[in-house]
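A.B. asks: Sequence below, structure please.
(one chain, ligands or ions: 2)
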Amino acid sequence: MDKTELRFKGKSLMQGFSLKDKQKIEASMYYHLFESDLWKAAGSVGVTLSQSHEWSTEPIIEEGWSAGKTIAVPKCLPKNKEMQFYQLDHFEQLERVYFGLREPKPETSQPVEKNQLDLLLVPGLLFDEKGYRIGYGGGYFDRFIEGYNGKTLMIASNHQKINELPFEEFDQRVEYILTETGITSTYHF
Ligand SMILES: Nc1ncnc2c1ncn2[C@@H]1O[C@H](COP(=O)(O)OP(=O)(O)OP(=O)(O)O)[C@@H](O)[C@H]1O
Ligand SMILES: [Mg+2]
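C.D. replies: Ligands and ions are numbered 1, 2, ... in the order given. The predicted structure is shown next:
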């Protein structure tokens, strides 16, 4: 399967979880994340604002606030397909943009530069054990991870694991994967 077919497969997989199964998987994911040294050591965390078919990131944002972490969320810059992160202190700093996506309002938020983030939570549709991923096809995360020095952790269920994904020279691997069974490192591949 090529990337386009895999992306389609990943999207239908994500839309196919029942609410009950989704919440059960999420509860295990949050448990493993909040217990991890990766999370505990991170003073600042970059995270996306999830849509309904994605693993919900609100509990992660709220736990980060409770733990005194700096939480930063991205605004997409479609012209050059880059992302600018902004510090998020409360959900009122967000606005709805295209496709119902939520983004920080630049006028009410402080920009956070890439290498100020200790930990980046990476979304995606499919992954393999080497840390290659299929995202939404914009290349936003591939561009962002290039030259990023912090830790990268993809959030995905075991159901989203594929034996070997096709990849191109610009595809960036994530270092860690958080599933409902825990965090695994892709380092040895
Ligand atoms: N570092 C880069 N520099 C220039 N173009 C890039 C870079 N990374 C990715 N791209 C472009 O982005 C397009 C989409 O990449 P790809 O199909 O891997 O998306 P994706 O990994 O699913 O998206 P995302 O990274 O947003 O999750 C590619 O066609 C490629 O041309
Ligand atoms: Mg890619």
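
A.B. asks: Next, the contact list for the residue of the chain at minimum distance from ligand 1, please.
C.D. replies: Closest contact between the chain and ligand 1, by C-beta to the nearest ligand atom, is at residue 135 (1.7 Å). Glycine gets a C-beta too; all of them are placed from N, C-alpha and C. The neighbours of residue 135, taking C-beta atoms under 8 Å, 6 or more residues apart in numbering as the test, are 123-125, 141-142.

A.B. asks: 7 Å instead, please
C.D. replies: By C-beta atoms under 7 Å, 6 or more residues apart in numbering, the contact list for residue 135 reads 123-125, 141.

A.B. asks: Same question for residue 157.
C.D. replies: So residue 157 contacts 25, 179-180 (C-beta under 7 Å, 6+ apart).

A.B. asks: Residue numbers of this structure in contact with ligand 2?
C.D. replies: 142, 171 (C-beta under 5 Å from the ion).

A.B. asks: in the longest strand that the chain contains, what counts as buried?
C.D. replies: Across the chain, the strand with the greatest residue count (assigned by DSSP state E) is strand 70-77. Buried positions in strand 70-77, judged by neighbour count with 16 or more other C-beta atoms under 10 Å: 70-76.

A.B. asks: Arrange the residues you listed in TSV, one row each, with pLDDT as further columns.
C.D. replies: Output for the buried residues of strand 70-77, formatted as TSV (pLDDT from 0 to 100):
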residue	pLDDT
70	98
71	99
72	99
73	98
74	98
75	98
76	97
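
A.B. asks: contacting residues for the residue nearest to the spatial centre of the chain?
C.D. replies: Taking C-alpha atoms, centre = their mean, the centroid of the chain lies closest to residue 122, which sits 2.5 Å from it. Taking C-beta under 7 Å, 6+ apart, we find residue 122 in contact with 141, 152-154, 174.

A.B. asks: what's the answer for residue 153, then?
C.D. replies: Going by C-beta under 7 Å, 6+ apart, the list of residues near residue 153 reads 38, 119, 121-122, 174, 176, 178.

A.B. asks: mind redoing it with 8 Å?
C.D. replies: 33, 38, 119-122, 174-178, 183.

A.B. asks: Which ones among these lie within strands?
C.D. replies: 119-122, 176-178, 183.

A.B. asks: all helices in the chain, in order from the N-terminus.
C.D. replies: 3-16, 19-35, 37-41, 58-66, 140-145 (DSSP state H).
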